[in-house]
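Q: need coordinates for the following:
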Amino acid sequence: MPDRSFSISLWPSADRCPGHATETILQALERGGLEFPAFCRHGHCGLCRAALLKGTLAPGAARQPAQGLLAPGEILICDARPASDLELRLFWGPGRAPQMPARVIRIDRDLTGTLGLGLRLPLVQRFGFAPGQFVCLHLEGLIRAYSLANPPHERDLELHIRSSPGGVLDHALAELRVGSLVTVEGPFGQFFYRPQPALSDRSLLLVAGGTGYAPMKSILRHIREGALEPKPCALELIWAAETPAHLYDHAFLEKLASTWNRFHYRPVVLHPASDGAIAAGTAPDLITSELASGAICYLAGPSTLVAACERRLRSLGVPASRIYHESFGWDVPLE
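A: Next up, the predicted model:
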């Protein structure tokens, strides 16, 4: 494809930046120094919706799950490439969501590769979400999306933030202190727990990679502590990481498994410790026909892991209607 250049204009801000035929609109805007809340970056979450006011797009974009959320004339800028000068009106999420102040009440900087952040919303602020959804965190001009790790019945929000040493996000996070004020926007996302009347006869299989564990923690705690609807007969969590130290909530999950007889925790790492206490391998290695049979499956984490787990489930005969997934934009070798 020839690398032709085009102009991309945004409304109502009147921002403008150059774009190229070989890059997505989102890549062009970010290269131009503009920040937008893009979560999955693979057409799954629908956060980067835009109305195409003028211009044409390059053909060949794949059909993405979030396109079912689009109204006529709308596109996903993470998946679309320009074929002419463009004029766009951007939206944040599948509908504008409220922004609200939040106070930092907890910072856990001791988690390997991950920062734990506790946030408290104002007492007068109503905030409802489904387990598995995410919010956008506004921090020093940056906008980043993070899954909520707490259950909906809990007032305080819990975020798990993957570390990127030397990046602008890590610099902004380093300035945070208990008592700092940030802005939260949301909730967003079509990945969330869907209780079903017949769920008590089925098992739930949760598969997470890295901080893809965060929405799974929300789902687990919701079912354990707050759910009034029928509970699954069994819950299985596979959590894949690079090393045992990257399983940053391992102690909590081991305790949960020891006190909740219908829950089973199956950690797996690429680089095991010498004691062999945690299995070596990848998430698909642990997905057996026994676990998959009749299960409703939720997958979250790096896109490579999610794709590999979905292939494994489909090969075991699990229909697409029983698989829900959330792909993150970063990739680490956890498949």
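Q: give me the low-pLDDT residue ranges for the stretch 201-335 of the chain?
A: 227, 327-335 (pLDDT under 70).
Q: mind listing the helices for it?
A: 213-221, 250-259, 283-286, 289-292, 303-315 (DSSP state H, counting those that start in this stretch).
Q: turn those helices into TSV, columns for mean neighbour count and distance to Pro267.
A: C-betas here are computed from N, CA, C, even on glycine. Formatted as TSV, the helices of the stretch 201-335 of the chain follow (neighbours: other Cβ atoms under 10 Å; distance: least, Cβ to Cβ, whole Å):
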stretch	mean neighbour count	distance to Pro267
helix 213-221	26	10
helix 250-259	14	7
helix 283-286	20	9
helix 289-292	16	14
helix 303-315	20	14
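Q: make CSV out of those and add distance to Leu137.
A: Formatted as CSV, the helices of the stretch 201-335 of the chain follow (distance: least, Cβ to Cβ, whole Å):
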stretch, distance to Leu137
helix 213-221, 13
helix 250-259, 23
helix 283-286, 27
helix 289-292, 34
helix 303-315, 21
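Q: so which of these is nearest Gly60?
A: helix 303-315 (19.0 Å; Cβ to Cβ).
Q: remind me what the closest one packs against, helices and strands.
A: On a contact count with 3 or more Cβ pairs under 8 Å, 6 or more residues apart in numbering; DSSP states H and E, helix 303-315 meets strand 203-209, helix 283-286, strand 296-302, strand 323-328.
Q: show me what the second one is packed up against.
A: Contact here means 3+ Cβ pairs under 8 Å, 6+ apart; on that basis helix 283-286 packs against strand 234-241, strand 263-269, helix 303-315.
Q: with the third one instead?
A: Helices and strands touching strand 296-302, as assessed by 3+ Cβ pairs under 8 Å, 6+ apart, comprise strand 203-209, helix 213-221, helix 303-315, strand 323-328.
Q: switch the helices and strands packed on helix 303-315 over to a markdown table; also include distance to Thr259.
A: Putting the helices and strands packed on helix 303-315 into a markdown table (distance: least, Cβ to Cβ, whole Å) gives the following:
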| stretch | distance to Thr259 |
| --- | --- |
| strand 203-209 | 18 |
| helix 283-286 | 22 |
| strand 296-302 | 22 |
| strand 323-328 | 27 |
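Q: what residue spans form the domains of the protein?
A: What automatic domain parsing lists as the domains of the chain is 5-90, 99-188, 199-328.
Q: if we can go back for a sec, between the helices of the stretch 201-335 of the chain, which one is closest to Asp79.
A: helix 303-315 (12.9 Å).
Q: by how many degrees do that closest one and strand 296-302 diverge?
A: If you take axes from the mean of the first three to the mean of the last three Cα atoms, to 10 degrees, helix 303-315 sits at 160 degrees to strand 296-302.
Q: nearest to Gln133, out of the helices of the stretch 201-335 of the chain?
A: Comparing the helices of the stretch 201-335 of the chain under Cβ to Cβ, the one sitting nearest is helix 213-221, at 7.6 Å.
Q: sorry, back to before: now render the helices and strands packed on strand 296-302 as a markdown table, adding distance to Ala130.
A: Output for the helices and strands packed on strand 296-302, formatted as a markdown table (distance: least, Cβ to Cβ, whole Å):
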| stretch | distance to Ala130 |
| --- | --- |
| strand 203-209 | 15 |
| helix 213-221 | 9 |
| helix 303-315 | 19 |
| strand 323-328 | 12 |
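Q: Pro72 is nearest to which of those?
A: Between the helices and strands packed on strand 296-302, strand 323-328 lies closest to Pro72; by Cβ to Cβ that is 25.7 Å.
Q: determine which stretch of the helices and strands packed on helix 303-315 is the most buried.
A: The highest mean neighbour count among the helices and strands packed on helix 303-315, using mean count of other Cβ atoms under 10 Å, belongs to strand 203-209: a mean of 27.
Q: partner strands of that strand and their direction?
A: strand 234-241 (parallel), strand 296-302 (parallel) (DSSP bridges).
Q: one step back: looking at the helices and strands packed on helix 283-286, spot the one closest to His138.
A: Using Cβ to Cβ, the helices and strands packed on helix 283-286 put helix 303-315 closest to His138, at 24.8 Å.
Q: alpha carbons of the closest one, as CSV, please.
A: In CSV, the C-alpha atoms belonging to helix 303-315 read as follows (Å, rounded to 0.1, in the frame of the first residue of the first chain):
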residue,chain,number,x,y,z
SER,A,303,-4.8,-10.2,22.6
THR,A,304,-2.5,-13.1,21.8
LEU,A,305,-3.5,-15.0,25.0
VAL,A,306,-7.2,-14.3,24.4
ALA,A,307,-7.0,-15.5,20.8
ALA,A,308,-5.1,-18.7,21.7
CYS,A,309,-7.5,-19.5,24.5
GLU,A,310,-10.5,-18.9,22.2
ARG,A,311,-9.0,-21.3,19.6
ARG,A,312,-8.4,-23.9,22.3
LEU,A,313,-12.0,-23.6,23.5
ARG,A,314,-13.5,-23.8,20.0
SER,A,315,-11.3,-26.9,19.3
